[in-house]
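> Just a sequence and a predicted model for now, questions to come.
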Amino acid sequence: MTGGTHRHHGDELCDTALGLYSRALREGHLDSGEVAAAPCLVDLGFVHPAIDDLDRLEPVAPAVALQRLLRSSEDRIADERRRGQRMADLFEPLMRLGAHGVAAEDTPALRILGSKERAGQAIEEAMAEGREELLAIQPHDAHVTRRPDILEGALKRDQAFLDRGGRVRALYQHTMRHAPYARARYEHLTGDVEARTLDEVTERLIIVDRAVAFIPASADRSRALEVRHPALIGYFVNTFDRLWHLATPMHPQAVHQPTLNGITPRQRAIATLLIEGHTDSDIADRLGMNVRTARVHIAKLAATLGSESRAQLGYLIGQSGLLDQEG
């Protein structure tokens, strides 16, 4: 393309070229020297030399330029389709050979589960085959905690796993320590089961027998990714173990973090997120509480530190040494 260092993706105009083209449409022309900074105007045919003055560039009508670009785009698409067909024709006999000469894996290392129902079914199947250990990170999910049928099914599944000699270790957010769902879950389970909590946990993670893991595959958790790749499983287990050692026991022996200088562990966690610039909604989401509860904690923190504004609160948190204290 003209200009050496002037680069574009496809038929895109740079901001400089777009500005010059807009002015050319308003004024009817440009001087040829003006396009030195945006040679794509000429290369892509948005302007052309005037018949009676080669140093004067006249704009092509936008409708004409658009049709030209659309034709160019359609030509590229057609070329890609023809290329795709050639590749399919090339690999078709090779795939027939591969079907006989290469052993296919029965279970893929990665598999997308396209719905919550399908993900739940896959977890049930993995748990039914499991015999050794279940590692689970469970962020707060109001939808789940309000569904008695889901809770009952999870209890039956986990108890059957424990009855086969399995071990269960689960991580939750601190907000679950007093939740009816969490208390009911562990009051009814018998066997080798432990639960701990943190202010924040990662996204949902389930690992069965260190052989298969499940993680979200979409932001709304409507899809899941089933993972059987040993390297990824090892990474997930290592992450879980690191979080586990940082967490506070909840079951079977609950341990409560002490209040320091009138400030609770929950308020220290909120203070950390305030210093990082998070909004009330972000804080509530990350700590597994509703926005109203988060704002109550923020107000109590402000009152304890004597703050009269959000900006002053951040300053006072930093000056107090609060975040340097051990919980």
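Sure thing, it's come through. Here the structure is a predicted model, which is why all the values come from computation and not from measurement.
> that's a helix at Lys300, yeah?
Yes: assessed with DSSP: H, G, I helix; E, B strand; the rest coil, Lys300 lies in a helix.
> mind starting the numbering at 63 from now?
Yes, from this point I'll number from 63; that puts the last item at Lys362.
> Give me the below-cutoff pLDDT ranges for the stretch 263-389 of the chain.
Where the stretch 263-389 of the chain drops to pLDDT under 70, the residues are 316-324, 385-389.
> The chain - how does it break down into domains?
77-122, 172-313, 327-386 (automatic domain parsing).
> The shortest one: how far from the chain's middle?
Right, domain 77-122. The chain centroid and the centroid of domain 77-122 are separated by 44 Å under C-alpha atoms, centre = their mean, to the nearest Å.
> And for the second one?
Averaged C-alpha coordinates place domain 172-313 at 18 Å from its chain's average position (C-alpha atoms, centre = their mean).
> With the last one instead?
The chain centre lies 25 Å from the centre of domain 327-386; the measure is C-alpha atoms, centre = their mean.
> With mean neighbour count and distance to Met157 as added columns, please give the domains of the chain in a markdown table.
C-beta coordinates here come from the backbone N, C-alpha and C atoms, glycine included. Conversion of the domains of the chain to a markdown table gives the following (neighbours: other C-beta atoms under 10 Å; distance: least, C-beta to C-beta, whole Å):
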| stretch | mean neighbour count | distance to Met157 |
| --- | --- | --- |
| domain 77-122 | 16 | 41 |
| domain 172-313 | 16 | 21 |
| domain 327-386 | 16 | 46 |
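> Now tabulate these in CSV and tack on distance to Gly146.
Shown next, in CSV, are those (distance: least, C-beta to C-beta, whole Å):
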stretch, distance to Gly146
domain 77-122, 26
domain 172-313, 23
domain 327-386, 42
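> any idea how far Arg258 is from Ala331?
According to C-beta to C-beta, to the nearest Å, Ala331 and Arg258 sit 15 Å apart.
> Nearest to Asp137, out of the domains of the chain?
Closest to Asp137 of the domains of the chain, according to C-beta to C-beta: domain 77-122, at 14.3 Å.
> What are the boundaries of the strands in the stretch 213-362 of the chain?
For the stretch 213-362 of the chain, the strands defined by DSSP state E, counting those that start in this stretch occupy 229-235, 254-260, 267-270, 274-278, 286-289, 310-313.
> Take those strands and lay them out in TSV including distance to Pro170.
Shown next, in TSV, are those (distance: least, C-beta to C-beta, whole Å):
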stretch	distance to Pro170
strand 229-235	27
strand 254-260	31
strand 267-270	16
strand 274-278	11
strand 286-289	8
strand 310-313	36
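> For Leu132, find the nearest of those strands.
In terms of C-beta to C-beta, the element of the strands of the stretch 213-362 of the chain nearest to Leu132 is strand 286-289, at 38.0 Å.
> what's in contact with that closest one?
171-175, 178, 180-181, 184, 274-279, 295, 298 (C-beta atoms under 8 Å, 6 or more residues apart in numbering).
> who wins for proximity to Glu142 among the domains of the chain?
Among the domains of the chain, the nearest to Glu142 by C-beta to C-beta is domain 77-122 (20.1 Å).
> Who are the contact partners of the residue sitting furthest away from the middle of the chain?
Of all residues in the chain, Asp114 has its C-alpha farthest from the mean position, at 59.0 Å, by C-alpha atoms, centre = their mean. Listed by C-beta under 8 Å, 6+ apart, the contact set of Asp114 is empty.
> Please tell me how far it sits from Glu120.
Counting by C-beta to C-beta - Asp114 and Glu120 are separated by 10 Å.
> One more: Arg354?
To Glu120, Arg354 is 63 Å away according to C-beta to C-beta.
> Same question for Glu96.
For Glu96, the distance to Glu120 equals 13 Å [C-beta to C-beta].
> likewise Ala79?
In terms of C-beta to C-beta, Ala79 sits 15 Å off from Glu120.
> And for Ile332?
63 Å.
> Kindly report the same for Leu159.
Using C-beta to C-beta, we find Leu159 at a distance of 60 Å from Glu120.
> Heading C-terminal from the helix or strand harbouring Ala184, find the next helix or strand.
Assigned by DSSP states H and E, Ala184 belongs to helix 178-191. Following helix 178-191 in sequence order, the next helix or strand is strand 195-200 (DSSP H and E).
> Flag the shaky bits of the stretch 63-212 of the chain, pLDDT-wise.
Using pLDDT under 70, the stretch 63-212 of the chain drops low at 63-74, 158, 160-169, 203-212.
> show me where it has helices.
Ranges of helices in the stretch 63-212 of the chain, per DSSP state H, counting those that start in this stretch, are 77-89, 102-105, 124-163, 178-191, 204-207, 210-225.
> With distance to Pro327 as added columns, please give those helices in CSV.
Shown next, in CSV, are those (distance: least, C-beta to C-beta, whole Å):
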stretch, distance to Pro327
helix 77-89, 50
helix 102-105, 58
helix 124-163, 57
helix 178-191, 32
helix 204-207, 22
helix 210-225, 27
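> and Tyr234, which of those is closest to it?
Tyr234 lies closest, by C-beta to C-beta, to one member of the helices of the stretch 63-212 of the chain: helix 204-207, at 10.9 Å.
> Good, we can wrap up now.
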